[in-house]
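> got a predicted model here, sequence first, then my questions.
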Amino acid sequence: MDGAIHLFALAMEPETKALARGLRRRDPDVLDALIAQYEYRLYRYLFYLTGNPETARDLFQETWLRVLARGHQYDGVSRFDSWLFAIARHLVIDASRRRKMDSLDELLDPVRGGAAREPLSSNEASPLAEYENTELVARLSSILARLPAVYREVLLLRFQEELSLKEIADIIHVPLATVKSRLYRGLGTARELLEEQQP
């Protein structure tokens, strides 16, 4: 069996070596053939990693630009698809880091910011309890989304992450008195918004 695998590897070697030579030359025909061959698999991979079709399309294009720019790094010994998906994965990680930094910037800026997301209740809840919990989560998420990010941040760290006020102060680099003030104001604003929603 090992002999058959070795013969297959030898039969494939000239193709990968030719591919490596074509990439080093930046041969557009080689790139077109690769895109046609791996288009579906690469996009599907990026879509499953990101969960966002637009992000997946952007990263798809960026992956092929990297292949073109770094084609000289492909050695022709390893499988091309392994090399291709490694490039794509690194781009997803980089995009994720940028998105996290953007989220942190939004969190620190009360003018910007996104809606808060809460996990659903456990699988052990009854259907009625699940429905009520979903309704409550939706209301709380709506209220949190309307709060300035500086209040939302402190409320989430205190009540969702169950951190002490001192730990929150250390995390967000503000005095303890500021944390207390933001927590007090955040709770007050949340209470007002909750009362507005009451029938």
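Happy to help now that I have it.

> buried residues in stretch 147-154, which are they?
Neighbour counts over stretch 147-154 (16 or more other C-beta atoms under 10 Å) mark Leu147, Ala149, Val150, Tyr151, Arg152, Glu153, Val154 as buried. The C-beta positions use only the backbone N, C-alpha and C, and glycine is treated the same way.

> where's Ala36 relative to Asp81, distance?
Distance of Ala36 to Asp81, computed by C-beta to C-beta, to the nearest Å: 14 Å.

> ok, the two, which is more surrounded?
Higher neighbour count among Ala36 and Asp81: Asp81, with 14 against 9, using other C-beta atoms under 10 Å.

> mind checking which helix or strand the more buried one is in?
helix 80-108 (DSSP states H and E).

> and that helix, what's its mean pLDDT?
Confidence for helix 80-108, expressed as mean pLDDT, is 74.

> distance of the spatially most central residue of the chain from Arg89?
The centroid of the chain falls nearest to Ser96 when counting by C-alpha atoms, centre = their mean (4.4 Å). For Ser96, the distance to Arg89 (C-beta to C-beta) stands at 11 Å.

> please apply the same query to Leu68.
Note on Leu68: its distance to Arg89, by C-beta to C-beta, is 18 Å.

> domain assignment for the chain?
Using automatic domain parsing, the domain parsing of the chain gives 2-108, 127-197.

> in stretch 177-190, what counts as buried?
Applying 16+ other C-beta under 10 Å to stretch 177-190 flags Val179, Arg182, Leu183, Gly186, Leu187, Thr189, Ala190 as buried.

> quick one: which of those residues is nearest Glu167?
Of all these, Val179 has the smallest distance to Glu167: 9.4 Å, by C-beta to C-beta.

> so which elements touch the strand or helix carrying that closest one?
Assigned by DSSP H and E, Val179 belongs to helix 176-197. Secondary-structure packing of helix 176-197 (3 or more C-beta pairs under 8 Å, 6 or more residues apart in numbering; DSSP states H and E): helix 127-146, helix 149-155, helix 165-172.

> my guess is Lys180 contacts Lys166, does it?
No - with contact defined as C-beta atoms under 8 Å, Lys180 does not count as touching Lys166 (10.6 Å).

> low pLDDT regions in the chain?
Scanning the chain for pLDDT under 70 picks out 1-14, 100-137, 160-161, 163, 198-199.

> ok now do the residue lying closest to Ser78 once chain neighbours are set aside, which residues does it touch?
Once flanking residues are discounted, Ser78 sits nearest to Thr16: 7.9 Å by C-beta to C-beta, 6 or more residues apart in numbering. Shown in contact with Thr16 (C-beta atoms under 8 Å, 6 or more residues apart in numbering): Gly76, Val77, Ser78, Arg79, Phe80.
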